[in-house]
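Chemist: whatever this is, show me its structure:
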Amino acid sequence: MYGKPEPGKKLFREVSEGDHQEKVLKGIAFGIVVAGLLCVLFLLVIPAFEDGSSKKAGSQPGSTLTETSPASVPPLKILNWRLINIGSAYVEGEAQNTSSRVLRYAEVWAYFYDAKGRRIWEGLANTFDLGPGMVWRFRIHCLKDEWEVSQAEVKVGSWGFR
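Modeler: Predicted coordinates for the structure are as follows:
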């Protein structure tokens, strides 16, 4: 007869608590592996469709998403700068967008040092919507007394494209 077990035989085997837990753990492990593969796929494939560039976080203070090129050259170039130390201390200079795209955000950092080489102050200047090839004049003030400032250093901070 169809659908009836033979005498002494069961139609379905009994599932023990251990078998059930094993199946649940295998299901969880499978889900973790699939989720991991999807994450890797997302991280590797999606950036390839975004103008051929990858996005990475900048390393300067206050950094935002920055675009990196194979040579990792920032699209903002500091053309010149000087330390002014009369009445108050500040640096002023010019930076240029060397890329072919609009920089939606760009910043330059200045680090001020005393005569012993200790950093005593840092500050930044930023701008928005800096077009391709445009030159930006920046000024960054030090809020310490000018007699404390002996030297300064200027670096490109973070940037982001439009």
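Chemist: for Arg137, list each beta-bridge partner.
Modeler: Bridge pairing for Arg137 (DSSP bridges) gives the partners Glu94.
Chemist: again with Leu124
Modeler: Going by DSSP bridges, Leu124 forms beta bridges with Trp109.
Chemist: all strands for this protein, in order.
Modeler: With DSSP state E applied, the chain shows strands at 54-57, 65-68, 76-86, 88-97, 103-113, 119-130, 135-141, 151-161, listed in chain order.
Chemist: go through the last one and flag the buried ones.
Modeler: The reference is to strand 151-161. Within strand 151-161, the residues that count as buried by 16 or more other CB atoms under 10 Å are Ala152, Val154, Val156, Gly157, Ser158, Trp159, Gly160, Phe161. (Each C-beta comes from the backbone N, C-alpha and C, glycine too.)
Chemist: the fourth one against Trp109, yeah?
Modeler: Yes: taking CB atoms under 8 Å as the definition, Gly157 is a contact partner of Trp109 at 4.8 Å.
Chemist: rewinding a little: indicate which one of the strands of the chain is closest to Ile32.
Modeler: strand 54-57 (25.8 Å; CB to CB).
Chemist: for that closest one, what is the average pLDDT?
Modeler: Averaging pLDDT along strand 54-57 yields 38.
Chemist: okay, domains of this protein per the record?
Modeler: For the chain, the structural domains run 1-49, 54-161, going by automatic domain parsing.
Chemist: among those domains, show the one with the smallest mean pLDDT.
Modeler: domain 1-49 (a mean of 64).
Chemist: including distance to Lys23, could the buried residues of strand 151-161 go into a markdown table?
Modeler: Putting these into a markdown table (distance: CB to CB, whole Å) gives the following:
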| residue | distance to Lys23 |
| --- | --- |
| Ala152 | 66 |
| Val154 | 62 |
| Val156 | 56 |
| Gly157 | 53 |
| Ser158 | 49 |
| Trp159 | 52 |
| Gly160 | 48 |
| Phe161 | 49 |
